[in-house]
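K.L.:
structure here, sequence nowhere to be found:
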């Protein structure tokens, strides 16, 4: 019984350490975007090659286009930070 408890404690500590050490995924701008089909401009820019993009949009009434952030070397716009309100503001 004691060995089982120690094993579970060690497993839990290992899993917790893995979550603590995990870094968020870095955003990467890929050169090809799937455009159309409800995506806002520039589209779903998650394709490394034109062939990947073409395979994804096939039969979906979409097209592939170059990612303007990569093609023209522009930095992505910063995302607005949402403020957290804990209670509603009373009208004056």
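P.N.:
All right, it came through fine. Since we're looking at a predicted model, the values are computed, not measured.

K.L.:
what segments of the chain are helices?
P.N.:
Using DSSP state H, the helices found in the chain span residues 2-21, 50-57, 68-71.

K.L.:
list the buried residues for the second one?
P.N.:
For helix 50-57, the neighbour count (16 or more other CB atoms under 10 Å) marks 53, 56-57 as buried. C-beta coordinates here come from the backbone N, C-alpha and C atoms, glycine included.

K.L.:
between those residues, which is nearest residue 67?
P.N.:
Using CB to CB, residue 53 comes nearest to residue 67 of these, at 10.0 Å.

K.L.:
I figured the closest one was touching residue 31, is that so?
P.N.:
No - with contacts counted by CB atoms under 8 Å, residue 53 stays clear of residue 31, the gap being 9.2 Å.

K.L.:
what do those two both touch?
P.N.:
Both residue 53 and residue 31 are contacted by residue 47, under the criterion CB atoms under 8 Å, 6 or more residues apart in numbering.

K.L.:
now, which of the buried residues of helix 50-57 sits nearest residue 70?
P.N.:
residue 53 (12.8 Å).

K.L.:
could you check how far that closest one is from residue 43?
P.N.:
9 Å (CB to CB, to the nearest Å).

K.L.:
list residues touching both of these two?
P.N.:
With CB under 8 Å, 6+ apart as the test, residue 53 and residue 43 both reach 33-34.

K.L.:
for stretch 34-46, measure first residue to last.
P.N.:
8 Å (CA to CA, to the nearest Å).

K.L.:
name the residues of it that are buried.
P.N.:
For stretch 34-46, by 16+ other CB under 10 Å, it's 34-35, 42-45.

K.L.:
so which of those are in strands?
P.N.:
34-35, 44-45 (DSSP state E).

K.L.:
show me what contacts residue 54?
P.N.:
residue 64.

K.L.:
in the ones in strands among the buried residues of stretch 34-46, find the pair that's most separated.
P.N.:
Top of the distance list for these (CB to CB): 35 and 45, 9.3 Å.
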